[in-house]
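Asks: Just a sequence and a predicted model for now, questions to come.
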Amino acid sequence: MGRGGQPKDRSEGPERKCIATGEVSPAHGLIRFVIGPDGQLAPDIAGKLPGRGIWVSADRDAIETAVKKKLFAKAARQAVTMPENLPDLIEDQLVRRVVNLISLARKGGGAVTGYEKVKDWLSKEEATVLLQASDGSERGKSKLSTPHGGRFIGWLTAAELGQAFGRQTAVHAVLGAGGLAQRVVEEAARLKGLRVSNGGQSRRKGSGTR
């Protein structure tokens, strides 16, 4: 039951509590961590590693707070060894996950790249997600619009988006309807929390807009 005796809306799946913010949110918006037998903290991006999960919001500030305040050790009730640059490690893993999912969608005929192909899918209302490279030409990107009722992902670089399509770079891409599209949207949302500030700039120290 939720507040006031009202039933909770669990339409977005199971919920978990962030150890840094104390907020309870759908699990797909958080990062799961597990502690290995040697006390080593491991991000479980896919959510499949054995062991009791420790959850933190998919947000760079939340993860940095958990590290700084030693909240992982507190939650695990034991000494914990953490990888260096944990937020950057998680960001890199999420990039690989998003790229791999887009690649799977492409192989199944559910994704295309290239300005003309993307424009064609959008005009025929076959696209549900528009992806554009963060470092692509703003003039070129402004000529395409997010599908009505669809989603926009604009925080992968041209090189990263290109990897998903087996080419050096890609600036524009779209996904059609289907389960993979929803998974890309969810994983990309987690990546955004690690990568993009409210002002649209990279949150990764020592880099510009990515």
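Replies: Cool, got the structure.
Asks: what's in contact with the lengthiest strand in the chain?
Replies: Using DSSP state E, we find that the single longest strand of the chain is strand 30-35. Identification of contacts with strand 30-35 by C-beta atoms under 8 Å, 6 or more residues apart in numbering yields 16, 18, 41-45, 47, 49-58, 63, 72, 76, 78, 80, 90, 190. Placement of C-beta: from N, CA and C, glycine included.
Asks: Can you tell me which of those residues are classed as buried?
Replies: Neighbour-count burial (16 or more other C-beta atoms under 10 Å) applied to the contacts of strand 30-35 gives 16, 18, 41, 43-45, 53-58, 63, 72, 76, 80, 90, 190.
Asks: Do a quick rundown of the strands in the protein.
Replies: Counting by DSSP E, the strands of the chain are 15-17, 24-26, 30-35, 41-44, 54-57, 111-113, 129-132, 151-153, 172-175.
Asks: Let me have the ones you listed in JSON lines, extended by distance to Leu94 and mean pLDDT.
Replies: Formatted as JSON lines, these follow (distance: least, C-beta to C-beta, whole Å; pLDDT from 0 to 100):
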{"stretch": "strand 15-17", "distance to Leu94": "17", "mean pLDDT": "96"}
{"stretch": "strand 24-26", "distance to Leu94": "17", "mean pLDDT": "95"}
{"stretch": "strand 30-35", "distance to Leu94": "9", "mean pLDDT": "97"}
{"stretch": "strand 41-44", "distance to Leu94": "9", "mean pLDDT": "96"}
{"stretch": "strand 54-57", "distance to Leu94": "13", "mean pLDDT": "98"}
{"stretch": "strand 111-113", "distance to Leu94": "18", "mean pLDDT": "97"}
{"stretch": "strand 129-132", "distance to Leu94": "15", "mean pLDDT": "98"}
{"stretch": "strand 151-153", "distance to Leu94": "12", "mean pLDDT": "97"}
{"stretch": "strand 172-175", "distance to Leu94": "17", "mean pLDDT": "98"}
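Asks: For the longest helix along the chain, what does the pLDDT average out to?
Replies: Under DSSP state H, the helix in the chain containing the largest number of residues is helix 86-107. In this model, helix 86-107 has an average pLDDT of 97.
Asks: What helices and strands are in contact with that helix?
Replies: strand 41-44, helix 60-68, strand 111-113, helix 158-164, strand 172-175, helix 179-195 (3 or more C-beta pairs under 8 Å, 6 or more residues apart in numbering; DSSP states H and E).
Asks: Which one, of those, ends up nearest to Leu86?
Replies: helix 60-68 (5.8 Å; C-beta to C-beta).
Asks: ok so, going back, not counting the longest helix of the chain itself, show me its contacts.
Replies: 31, 41, 43, 45-46, 58, 60, 63-64, 67, 83, 111-113, 131, 156, 160-161, 163-166, 173, 175-176, 178, 180-181, 183-184, 187-188, 190-191, 194-195, 204.
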